[in-house]
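Novice: output the structure for:
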Amino acid sequence: MEITGSKSNSLLFLMLMLLCFQLHSKAQDQSYEEIGVGVILDMGSEVGRTVHSCIKMALFDFYTINSRYKTRIVLHDRDSHGEPLHVLSAALDLLEKTKVQAIIASDSTVEAKFLAVLGDEARIPILSLSPTPSSDNHPYFLQIAHDETIQFKGIAAMAESFRWKNLIVICEDTDSGRDMATFMINVFQEKSISVTYRSLISTSAGNELVQEELHKLSSMQTKVFVLHTSPSLASYLLLNAKYLGMMDEGYKWIITSKTMDFLDFMDGVVIESMQGAVGFKSYISESRDLHKFTSRWRKEYHAKNPLMEVKEINAYGIWAHDAVSTLTMSVERTQAVEQVLKSNIKYLGKTGSSQKGTELLNQMLRISFQGLGGAFQFRNERITAQVLEIVNVIGKGERRVGFWTTNAAFTKKIGKLNSVFDHGLEAIIWPGGIATNPRHRMLEMSSKKLRIGVPMPLRSGRVFQVSYNAETNSTVISGFCGDVFHAAFTALSHNVAFEFIPFTNNAGSGALNYNHLIDRVHAGVFDVAIGDITITANRSLKVDFTLPYTDLGLGILTRNMDASMWIFMKPLSSDLWIVSGCFFILVGFVIWILEHGTNEEFQGSPTQQIGTTFWFAFSTLVYAHREKLQSNLSRFVVSVWMFVVLVLTSSYIATLSSLLTVEQIKLPSKGFIFSNLTSWKQLYTLEDYADALSLGSKKGGVDAIVDEIPYLKEFLTRYPSGYSMTLTDTITNGFGFAFPQGSPLAPEISRQITRLREDGTLRMLEDKWFTYQESGKYLKDSVPKILNLQGLRGLFLISGVSMAAALFIFMLRKVHEKIHFTYTMLAGGKLAFIMRFLMPKTGNAVERR
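Specialist: Predicted coordinates for the structure are as follows:
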């Protein structure tokens, strides 16, 4: 019994000792220092809730594994409600009242600027989720999100690989948005890529303003857009772009990680509007720890939000997790700091020194570890991404098409670089459902030999000529069209193999319909059709034409006719000739009336007076009249008449000169309508042109030839004298090369044609093939119409009024002289003397009878 009691006491004593040891150990475990850390997030958003849950899970996991740590981070949560002013107020409250040693803040750029200043003043580390790089003047501001500017180099590389020479950049109308737009422009310029337009849209823009800006963008030739805005503004823009048809075939949208990192949180309607867009996303490498953490996060998220759909955890949640892990390790290493200043900041005024905050910052900058998101280490107060994921928005989500690495390379898999030839990207489904991007199609075309259809022209010459080379057993082209083709294709940045295939009709004759050649291109028989092919609206419905490389419109070719012996009569109409002659006679008659009484040169026998009158009148035509006029009225009439003669003779000489230069036919401005002609015939060769013009229409030939301007230039080169050409309105669109619809070579060749025109190569080739003497005139102005009475009646009216006024004044003077003479006779008694002298003689005569 004693032995049993002794054993029982010993066992009880041992149990009590174990219990005391456990209580002592637990007491020691609870003797840790609490370090306050502020968390300012928009708790009402899914992103904010995701980041907050990841932070709490990170703390739980870290202290579960490191239970012997003597420090514990205590979170002090603040809801910003998405308002920058709330962020500023919460930060001030955390620093002044709660005495936190660090702050974790949301991704807003505006908020980040406020917090960066506060962090420097309080010497407290600010861990920001903003991807926009901040100034190096804020050492306490740490960016835990990847630097968003890295992806701009990837976008530039993609544009270069796809040969997009022009882009449109769309950013927010904020300070950071404008800075990012400028940064992108500089990056693109390094790759010789032009930003044709920079669109800055306010974050508060209404539906009307957004659609107005998108309308402006859709009217531009550039159809490649780089979108770098917040997810909310991007959603609004993309919905309107879809509504306006800017997500259809032909458009290209590149969306940055600022939006794509939040794709999982966007509405299905927004994702539907983004179909075909290509996006750059922050890349989180897969690992077993990440998989376990994601699974736990989904369960906890569903438990707290049972009625909400579980979203995928995004990069911001992973970055927050790794940042908190860094913070816990740094806090533990700064345990030697025992006291914290009572006041870290005094309402935006002078701040006290926070040695612990400075030491905490230094420890965070030294730590490097492998987190859930990969290697985590601050460089220049920020985390720099080494890899970016490239995705294609398809269906209800995204599809990975490759990666972009900071060593300027695309790859389909990490660690395996692909050749530059295939760009390291999977096939992209572009807007409109096009499965192959333009650059890949260009490479496909360049890897095969193009089948180029060439028409067999009847008139082999300087415009276009096709021949067969027996030595090489190949078809050879030459002439102006051939040289333009070779110059354009040679200038391409990639080699394109091709072969010329002559095209004739079924009978093998060269007399073919060019529409049949266009049909062959449309059917895929030929990859290209070149030659003297006129661009028309109907043909453009089947193929894609390049820009024209010849003059637009039709020309008129006529023979320089020998002047008729009566051609000098043509400048004036018949009524004008008659009126002019009558006025010459009228002027002579008026001058004779005014000068006959006082001027001896207008006196004499009737025959002499008539001769003098006609001589004076017609000598005014050549300013050769020598008779001196004595009456001022005569001088007035002659002065007015000389002005009329000056205008009449000047117009006559100008019109006669034009008629003697060339006789032309002018086409109607609305087109050349053969049904309006009395007769016409079809000619084929230049020799036929010359023969028909030589004969003229009266002898079975033609009076004029209507044809494309290059052919008329070739004719004038071969027949430099005796013929003339006149330009008309642009009835046709010139010559162009025909490609199948959607061919990437068509815009490439068009750009080369534009370059050839700008650098003078086209002009040089034209001078090479169409050099002709000046005698073969190339007139652009129409011949003036013949002069008629309708146009000059004002002159004759002025002359007629002047003569009528002179005659009226002359008659008034004569009447005045008669009256004055009669009055003088009466006043002097001369009339009574004459009456007395006559009356006696009359009376005597009566008496004698």
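Novice: where in the stretch 501-650 of the chain is pLDDT low?
Specialist: 505-512, 553, 560-565, 622-627 (pLDDT under 70).
Novice: same thing but at 90, please
Specialist: Applying pLDDT under 90 to the stretch 501-650 of the chain flags residues 501-516, 520, 522-525, 527, 530-538, 540-542, 548-650.
Novice: can you map out the strands along it?
Specialist: Assigned by DSSP state E, counting those that start in this stretch, the strands in the stretch 501-650 of the chain fall at 528-529, 543-545, 554-559.
Novice: tell me which of these is the most buried.
Specialist: With neighbours defined by mean count of other C-beta atoms under 10 Å, none of the strands of the stretch 501-650 of the chain is more surrounded on average than strand 528-529, at a mean of 27. Placement of C-beta: from N, CA and C, glycine included.
Novice: who's in contact with that one?
Specialist: 450-455, 498, 503, 517-518, 520-521, 543, 737-739, 745 (C-beta atoms under 8 Å, 6 or more residues apart in numbering).
Novice: and if we set it to 10 Å?
Specialist: 445, 450-455, 485, 489, 496, 498, 500-501, 503, 514, 517-518, 520-522, 539, 543, 545-546, 736-740, 743, 745-746, 749 (C-beta atoms under 10 Å, 6 or more residues apart in numbering).
Novice: now find how far off-centre that strand is within its chain.
Specialist: Offset of strand 528-529 from its chain centre (C-alpha atoms, centre = their mean, to the nearest Å): 28 Å.
Novice: how about stretch 264-279?
Specialist: For stretch 264-279, the distance to the chain centre is 27 Å (C-alpha atoms, centre = their mean).
Novice: dump that stretch to CSV, restricted to CA.
Specialist: Provided in CSV are the C-alpha atoms of stretch 264-279 (Å, rounded to 0.1, in the frame of the first residue of the first chain):
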residue,chain,number,x,y,z
ASP,A,264,-11.7,38.1,-64.4
PHE,A,265,-13.6,40.8,-62.5
MET,A,266,-15.3,42.3,-65.5
ASP,A,267,-18.9,41.8,-66.6
GLY,A,268,-19.6,39.2,-69.3
VAL,A,269,-21.0,42.0,-71.6
VAL,A,270,-17.7,43.8,-71.4
ILE,A,271,-15.7,40.7,-72.2
GLU,A,272,-18.1,40.0,-75.1
SER,A,273,-17.2,43.4,-76.6
MET,A,274,-13.5,42.7,-76.3
GLN,A,275,-13.5,39.7,-78.7
GLY,A,276,-10.3,39.5,-80.7
ALA,A,277,-8.4,42.0,-78.6
VAL,A,278,-4.8,41.1,-77.5
GLY,A,279,-3.8,41.9,-74.0
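Novice: buried ones in that stretch?
Specialist: Within stretch 264-279, the residues that count as buried by 16 or more other C-beta atoms under 10 Å are Asp264, Met266, Val270, Ile271, Ser273, Met274, Gln275, Gly276, Ala277, Val278, Gly279.
Novice: which pair in these spans the largest distance?
Specialist: Asp264 and Gly276 (18.7 Å; C-beta to C-beta).
Novice: show me what the helix or strand where Glu121 lies is packed against.
Specialist: Per DSSP states H and E, Glu121 falls inside helix 109-122. For helix 109-122, the packing partners by 3 or more C-beta pairs under 10 Å, 6 or more residues apart in numbering; DSSP states H and E come out as helix 84-93, strand 102-105, strand 126-128, strand 141-146, helix 175-190, helix 355-366.
Novice: nice, that's everything, thank you.
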